[in-house]
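Asker: Could you look at this predicted model? Sequence included:
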Amino acid sequence: MHIGRIRLKNGFFLAPMANFSTAPFRRLCREHGAGLTTSEMVSCEAAIHENWKTERLVARARNEKPFAIQVFGSEPKRIALAAEALEKRCEIIDINLGCPMHRITEQGGGAALLGKPAKIRGIFDALTTLKIPVTVKMRLGFATKAGCVGIARLIEQGGAAALTVHGRTAKQNYSEKADLGAICRIKKALSIPVIGNGDIFTPEDAERMLKKTGCDGVMVGRGALGNPSIFRQMAEYFRDGEYVIPDRSGRIGMLLRFLDYARGAPIAVTRAHAAYFAKGFEGAVGMRRKIMKAKSAGEIRKIARL
Ligand SMILES: Cc1cc2nc3c(=O)[nH]c(=O)nc-3n(C[C@H](O)[C@H](O)[C@H](O)COP(=O)(O)O)c2cc1C
């Protein structure tokens, strides 16, 4: 699969997730076979001003190529300036047209842009000097799905190289199931690659997404938390029809590796991540509780090795 001229080894993408799609976690997901990883969303103002916080968000993980950086903002010219400031640091710029968080939408960013076609057009008009491909990640609408195909067409006409669709409106947040029918309608209307997103927790979920929507790839968010091996599982399942689910030692092994990669990261972020690995085996609940009280990565390592 290609995004513009960028060749990807597969269509299994890790979703951008604020506080979770960190460089150490993306590195682990790549090792488990993710075809593309994207940074957490970065405010275009922070990117333009080279705010120190941005540096951590946009740092490429080891061997992470291609790498996409996601930006959010509300003003087309500011988004374009941010993209220009970041284009030397990544292979793809992704624009956030899906974030439902009030603090973002009240400023006119994220999913609020879905109701403003002129602004969407304006973003692409302002991006014409960018040399790397631009992609968009959208929800189906802000409050209603009615205009989703029209918005997707606008994004394609603007020059996006690919589109990821999370099959919910912003108002839905995570309630109800992702609407695969709506994603399918968008896929049918476009000729650029469309990536289906929403509720993929197993390889069978990915298969359902691909079969029901005809999408070119899938993006996994929550399903990768504590389980970066989902990318390997999907590859195995599509190749062999079966896959190996990590047992306790597999999960702990991934956690220890994550902790190695996350040296120096803020402990609150490491702890939140680490807790996700303690799932699906006997004693996991107790381990998770202990992890949430840990004061250092060393302490988490000791808890995991017990
Ligand atoms: C903790 C968290 C943080 C997220 N942050 C972002 C973000 O920065 N940018 C974005 O486009 N979507 C973000 N999302 C949405 C996910 O990328 C994804 O679209 C959504 O979770 C649905 O996919 P899933 O069902 O596989 O989790 C976030 C989701 C979660 C759970």
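Answerer: Perfect, thanks for sending it. Numbers count the residues shown, from 1 in each chain.

Asker: Get me the contact residues on the stretch 51-200 of the chain for the ligand.
Answerer: Residues of the stretch 51-200 of the chain lying close to the ligand (CB under 6 Å from any ligand atom) are 70, 96, 98-99, 137, 166, 197-200. Using the backbone N, CA and C atoms, a C-beta is placed for each residue, glycine as well.

Asker: from those, which ones fall inside helices?
Answerer: The members of these all map outside helices under DSSP state H.

Asker: so after the helix or strand containing T164, what's the next helix or strand?
Answerer: In the assignment (DSSP states H and E), T164 maps to strand 162-166. Downstream of strand 162-166, the next assigned helix or strand under DSSP H and E is helix 180-189.

Asker: Kindly export that next one (C-alpha atoms) in CSV.
Answerer: Extracted C-alpha coordinates of helix 180-189, given in CSV (Å, rounded to 0.1, in the frame of the first residue of the first chain):
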residue,chain,number,x,y,z
LEU,A,180,-19.0,0.4,9.2
GLY,A,181,-21.8,1.2,6.6
ALA,A,182,-20.9,4.9,6.7
ILE,A,183,-17.2,4.1,6.3
CYS,A,184,-18.1,1.9,3.3
ARG,A,185,-20.1,4.7,1.7
ILE,A,186,-17.0,7.0,2.0
LYS,A,187,-14.7,4.4,0.7
LYS,A,188,-16.9,3.9,-2.4
ALA,A,189,-17.0,7.6,-3.1
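
Asker: neighbours around the nearest residue to L130 once chain neighbours are set aside, how many?
Answerer: Once its chain neighbours are removed from consideration, L130 has its nearest residue in A83; the separation is 5.5 Å (CB to CB, 6 or more residues apart in numbering). Neighbouring residues of A83 were enumerated by other CB atoms under 10 Å; the total is 26.

Asker: I figured A83 hits Q70, correct?
Answerer: No. Counting by CB atoms under 8 Å, Q70 is not a contact partner of A83; they are 10.5 Å apart.

Asker: what do the two both touch?
Answerer: Jointly contacting A83 and Q70 under the rule CB atoms under 8 Å, 6 or more residues apart in numbering are 93, 95.

Asker: Would you format the residues of the stretch 51-200 of the chain next to the ligand as a markdown table with pLDDT and neighbour count included?
Answerer: A markdown table is the format used below for these (pLDDT from 0 to 100; neighbours: other CB atoms under 10 Å):
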| residue | pLDDT | neighbour count |
| --- | --- | --- |
| Q70 | 98 | 27 |
| N96 | 98 | 24 |
| G98 | 98 | 27 |
| C99 | 98 | 22 |
| K137 | 98 | 27 |
| H166 | 98 | 27 |
| N197 | 98 | 26 |
| G198 | 98 | 24 |
| D199 | 98 | 20 |
| I200 | 98 | 26 |
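
Asker: Please identify which of those residues is nearest to I267.
Answerer: Nearest to I267 among these: Q70, at 24.7 Å, using CB to CB.

Asker: ok, the closest one to V220 distance?
Answerer: Distance of Q70 to V220, computed by CB to CB, to the nearest Å: 15 Å.

Asker: try G181
Answerer: Counting by CB to CB, the gap from G181 to V220 is 20 Å.

Asker: Which one's more surrounded, the two?
Answerer: In this comparison of G181 against V220, neighbours counted by other CB under 10 Å, the higher total goes to V220 at 27 against 10.

Asker: Skip the chain neighbours and tell me the closest residue to the residue of the stretch 201-306 of the chain found nearest the ligand.
Answerer: Among the residues of the stretch 201-306 of the chain, G221 lies closest to the ligand, at 2.8 Å counting by CB to the nearest ligand atom. Spatially, and ignoring its direct neighbours in sequence, G221 is nearest to A15 (3.5 Å; CB to CB, 6+ apart).

Asker: what about the helix or strand of the chain with the lowest mean pLDDT, distance to the chain center?
Answerer: Evaluated with mean pLDDT, DSSP states H and E, the helix-and-strand set of the chain has its lowest mean pLDDT in helix 52-58, which scores a mean of 85. Relative to the mean C-alpha coordinate of its chain, helix 52-58 is positioned 17 Å out (CA atoms, centre = their mean, to the nearest Å).
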